[in-house]
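Colleague: Quick one, what's the 3D model for this:
(chains A and B)
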There are 2 protein chains.
Amino acid sequence: KATDDREHVAQELAKYNLLAIPVVDEKYRLVGIVTYDDAMDVVIEEATEDALRMGAVGTLDESILDAPFATVWRKRAVWLSFLFIAELMTFAAMAHFKDAVDKVLALSFFVPLCISTGGLSGAQAATLITRAVALGHLQPRDWWRVTTHELAMGLVLGLSLGAIGFLQVAVTPSDWLGLEGHQRWLLAVTVSTSVMFICMWGTLVGSLMPLIFQRFGIDPGYASSPFVATFVDVTGIVIFFTVARWILL
Amino acid sequence: KATDDREHVAQELAKYNLLAIPVVDEKYRLVGIVTYDDAMDVVIEEATEDALRMGAVGTLDESILDAPFATVWRKRAVWLSFLFIAELMTFAAMAHFKDAVDKVLALSFFVPLCISTGGLSGAQAATLITRAVALGHLQPRDWWRVTTHELAMGLVLGLSLGAIGFLQVAVTPSDWLGLEGHQRWLLAVTVSTSVMFICMWGTLVGSLMPLIFQRFGIDPGYASSPFVATFVDVTGIVIFFTVARWILL
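Modeller: Numbers count the residues shown, from 1 in each chain, chains lettered A, B, ... in the order given. Purely as a prediction, here's the structure:
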């Protein structure tokens, strides 16, 4: 067990409430021992690492105020810039659909809502699945059960959010939207349909990413919020305007 | 110590590598004992709770695929709907600035980017500070040091992102933007200036929320991503269009 992951060793120790766990080499000769206090330190460190990775900061050993300013800046700037550059794709997506915005200005009012629908549902699914993987409840080979479960979940969650979106358009004064009668109801249908699809898509991506990452030996924690959100933001815009072209334009 | 928080007890045990910690009542009479294995279970449970809270799922005791579908749906739908309704504010903010979008359509292309700038920088700051609070590195009374540190950090991070944003507008063909010469450079300045302000704002809000929450006895974990992001999304739109009115229109 000398080559085992420290996180795994700590999990075993916690599971069986052991005081210590022996460490053996490939011929099962004793080479050392891991005690409960080492294991507890590992559990706390790993939790810190997981939390920092979700906020996309990389690891930071010291207290944030004591660490050198330039070091903290560099670590934060690298992650932020990377995600910001990825987010520039949203600009390209919006510019691609500029005819649609030109025809119905009100479409642009719903873009932030569509983006956040994907981001929120994706982050929620990613968190649940990442944690289930970390606790050993799920393995990559469960991907099909996860897919069907999360598609169904995404559909019912999306229907709930879509209904709220429909209501919002329904109660908004016509002159805010710049649309009359018939057109206004088509906008309501566009918004609720896209919200439903985006929620399903976000949920599916958010739940499968941690499993795919785990399968290829990448820490599933990397699938969490910012990465999933950035990808889902762009696809959310594409889904919204595609639905809009289909129903409204 | 019978009234102490279990997370705090586990922290003490880990810090001093104790095997067990005695529990006493208000007159220091022994009423029980907390052993290292109880403490390790607490550390793992708290890490799960923290992770689930960040993804805004509430707590979930069972494995996600084994828990009843309706229970999981209800827990997820409540959080998602709550955040979705909060996100409807972005629609109101966009509709409020519709004159600006009407004059310069290209402004709407940068809205997702501005929103995500605030969300990403806010989530990063919130994660760092929440974790520093959880590890006992920071207390609410450090708010002033955090404010100055994070304002400076937000400024240098914002300048980095603003520079990237400026470049993006500079290399985009004029006909994509629908703006000529002079106007196009004003748009570049608008985008980079707003990105800088939004990054500072996101960083400041993200870093102070966990301290404020801690001060009022609310778990600082609640300040993480989705809540901060939703608030910062709306203010990001307001900052962007305010800067646009000031520089471009």
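Colleague: which parts of the top helix by length along chain A are buried?
Modeller: Ranked by residue count, the top helix of chain A under DSSP state H comes out as helix A:181-215. By 16 or more other CB atoms under 10 Å in any protein chain shown, the buried positions in helix A:181-215 come out as A:184, A:186-211, A:213-214. From N, CA and C alone the C-beta is placed, and that goes for glycine too.
Colleague: buried sites along stretch A:79-87?
Modeller: Neighbour-count burial for stretch A:79-87, with 16+ other CB under 10 Å as criterion, is recorded at A:79-80, A:83-84, A:86-87.
Colleague: quick one: low-confidence parts of chain A?
Modeller: For chain A, applying pLDDT under 70 flags the ranges A:1-19, A:36, A:40, A:43-62, A:222-228.
Colleague: quick one, domains of it?
Modeller: Domain assignment for chain A by automatic domain parsing gives A:6-54, A:83-247.
Colleague: and the last one, how far apart are its ends?
Modeller: The first and final residues of domain A:83-247 sit 32 Å from each other (CA to CA, to the nearest Å).
Colleague: which stretches of chain A form strands?
Modeller: Counting by DSSP state E, chain A has strands at residues A:20-24, A:30-35.
Colleague: want to try CSV for the ones you listed, with distance to residue B:152 and mean neighbour count as columns?
Modeller: Output for those, formatted as CSV (distance: least, CB to CB, whole Å; neighbours: other CB atoms under 10 Å in any protein chain shown):
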stretch, distance to residue B:152, mean neighbour count
strand A:20-24, 46, 14
strand A:30-35, 42, 13
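Colleague: could you dump those to JSON lines with distance to residue B:22?
Modeller: Formatted as JSON lines, the strands of chain A follow (distance: least, CB to CB, whole Å):
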{"stretch": "strand A:20-24", "distance to residue B:22": "22"}
{"stretch": "strand A:30-35", "distance to residue B:22": "21"}
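Colleague: out of those strands, nearest to chain B?
Modeller: Across the strands of chain A, chain B has its closest neighbour in strand A:30-35 (8.6 Å, CB to the nearest CB).
Colleague: From the contact counts, what lies against the closest one?
Modeller: With contacts taken as 3 or more CB pairs under 8 Å, 6 or more residues apart in numbering or on different chains; DSSP states H and E, strand A:30-35 sits against strand A:20-24.
Colleague: Direction included, what does the strand it packs on pair against?
Modeller: For strand A:20-24, the pairing partners within the sheet under DSSP bridges are strand A:30-35 (antiparallel).
Colleague: For residue A:168, give its distance to chain B.
Modeller: Distance from residue A:168 to chain B, counting by CB to the nearest CB, to the nearest Å: 6 Å.
Colleague: so where do the helices sit in chain A?
Modeller: Listed in chain order, the helices of chain A (DSSP H) span A:6-15, A:36-54, A:69-96, A:98-103, A:111-134, A:143-171, A:174-177, A:181-215, A:225-247.
Colleague: Deepest in the core, which of those helices is it.
Modeller: Stretch with highest mean neighbour count among the helices of chain A: helix A:111-134 (a mean of 29; mean count of other CB atoms under 10 Å in any protein chain shown).
Colleague: what packs against that helix?
Modeller: Right, helix A:111-134 is packed against helix A:143-171, helix A:181-215, helix A:225-247, helix B:36-54, helix B:69-96, helix B:111-134, helix B:225-247 by 3+ CB pairs under 8 Å, 6+ apart.
Colleague: returning to what we had before: quick one: closest of the helices of chain A to residue B:248.
Modeller: In terms of CB to CB, the element of the helices of chain A nearest to residue B:248 is helix A:69-96, at 16.3 Å.
Colleague: angle of that closest one against helix B:111-134?
Modeller: Angle, helix A:69-96 to helix B:111-134, by axes from the mean of the first three to the mean of the last three CA atoms, to 10 degrees: 150 degrees.
Colleague: who does helix A:69-96 touch, helix- and strand-wise?
Modeller: The contact analysis (3+ CB pairs under 8 Å, 6+ apart) places helix A:69-96 against helix A:225-247, helix B:111-134, helix B:143-171.
Colleague: let's see 10 Å
Modeller: helix A:98-103, helix A:111-134, helix A:225-247, helix B:111-134, helix B:143-171, helix B:174-177, helix B:181-215 (3 or more CB pairs under 10 Å, 6 or more residues apart in numbering or on different chains; DSSP states H and E).
Colleague: Redo these as a markdown table? Include distance to residue A:157.
Modeller: Below are the helices and strands packed on helix A:69-96 laid out as a markdown table (distance: least, CB to CB, whole Å):
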| stretch | distance to residue A:157 |
| --- | --- |
| helix A:98-103 | 26 |
| helix A:111-134 | 6 |
| helix A:225-247 | 14 |
| helix B:111-134 | 20 |
| helix B:143-171 | 32 |
| helix B:174-177 | 35 |
| helix B:181-215 | 26 |
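Colleague: what residue of chain A is the furthest out?
Modeller: The C-alpha centroid of chain A is most remote from residue A:29, which lies 43.4 Å away (CA atoms, centre = their mean).
Colleague: Cross-check the contact I'm expecting between residue A:237 and residue B:112.
Modeller: Yes - between residue A:237 and residue B:112 there is a contact under CB atoms under 10 Å: 6.7 Å.
Colleague: Common neighbours of those two, please.
Modeller: Listed as contacting both residue A:237 and residue B:112 by CB atoms under 10 Å, 6 or more residues apart in numbering or on different chains are A:89-91, A:93-94, A:111, A:114-115.
Colleague: Does stretch A:193-210 reach chain B?
Modeller: Yes - counting by CB under 10 Å from any CB of the partner chain, contacts between stretch A:193-210 and chain B involve A:195, A:199, A:202-203, A:206-207.
Colleague: ok, back up a step: quick check, nearest of the buried residues of stretch A:79-87 to residue B:170?
Modeller: residue A:84 (15.7 Å).
Colleague: Quick check: closest non-adjacent residue to residue A:110.
Modeller: Leaving out its chain neighbours, the residue that sits closest to residue A:110 by CB to CB, 6 or more residues apart in numbering or on different chains is residue A:191, at 5.4 Å.
Colleague: What of residue A:235?
Modeller: Nearest non-adjacent residue to residue A:235, counting by CB to CB, 6+ apart: residue A:201, 6.4 Å away.
Colleague: In this structure that neighbour contacts residue A:122, no?
Modeller: Yes - applying CB under 10 Å, one finds residue A:201 in contact with residue A:122, separated by 8.2 Å.
Colleague: can you list residues touching both of the two?
Modeller: Common neighbours of residue A:201 and residue A:122 (CB under 10 Å, 6+ apart) are A:154, A:232, A:235-236.
Colleague: could I get these as CSV with distance to residue B:103?
Modeller: Shown next, in CSV, are the shared contacts of residue A:201 and residue A:122 (distance: CB to CB, whole Å):
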residue, distance to residue B:103
A:154, 38
A:232, 31
A:235, 29
A:236, 26
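Colleague: Okay then, goodbye and thanks.
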